[in-house]
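In: Turn this into a structure:
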Amino acid sequence: MKIALITDDGKSISKHFGRALYYLVVTIEDGQEISRERRDKLSHTHFSNELHEKGDGKDTPHGFSPLEQNRHFQMAIAISDCVVLICGGMGSGAYKNLSESGIKPILTSINTIDEALQSYVEGQLVDHAAEMLH
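Out: Down below sits the predicted model:
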């Protein structure tokens, strides 16, 4: 199984999915870490020169417009082989898009990658989506 974590430094979990620079993809087999791989991640800065279509806040909330959903999809292409994404925060639109793509987002208050991975492998990682989605 492959688990993706968002990071800027390879050690800590980034607090915002859209702004993070990298994914750290960890392969787990039989409860043991087999490998780690850093993958580049598209972020908000990659789309800065594009039109910024936003939801109107009523019928289409922020993060749910077709253009924004396409950006979330593009951000997730690099981890399409992963079953889980562990991060420190994300918007509701990205959360929905990842879930629909077959990647389970888990929002955690744990700061270090190693601690979050250990907690996930032990089945103890708490998903704080209710409190940490924005």
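In: Next one: residue 134 from residue 77, what distance?
Out: Distance, residue 134 to residue 77, using C-beta to C-beta, to the nearest Å: 23 Å. For glycine as for every other residue, the C-beta is placed from the backbone atoms N, C-alpha and C.
In: and what of residue 133?
Out: 22 Å.
In: Name the residue in the two with the higher neighbour count.
Out: residue 133 (17 against 10; other C-beta atoms under 10 Å).
In: Is the more buried one in contact with residue 107, as I believe?
Out: Yes: using C-beta atoms under 8 Å, residue 133 is in contact with residue 107, at 6.9 Å.
In: Name the residues of the strand or helix carrying residue 117 that are buried.
Out: Applying DSSP states H and E as the criterion places residue 117 in helix 113-121. By neighbour count on 16 or more other C-beta atoms under 10 Å, the buried set for helix 113-121 is 113, 116-117, 119-121.
In: How far does it sit from its chain's centre?
Out: Computed by C-alpha atoms, centre = their mean, to the nearest Å, the chain-centroid distance of helix 113-121 equals 15 Å.
In: Mind giving me the packing neighbours of it?
Out: Judged by 3 or more C-beta pairs under 8 Å, 6 or more residues apart in numbering; DSSP states H and E, helix 113-121 is in contact with strand 2-7, strand 22-29, strand 84-87.
In: So for that helix, mean pLDDT?
Out: For helix 113-121, mean pLDDT rounds to 97.
In: Tell me the helix or strand right after that helix.
Out: helix 129-132.
In: centre of the chain versus that following helix, how much separation?
Out: When C-alpha coordinates are averaged (C-alpha atoms, centre = their mean), helix 129-132 and its chain have centres 14 Å apart.
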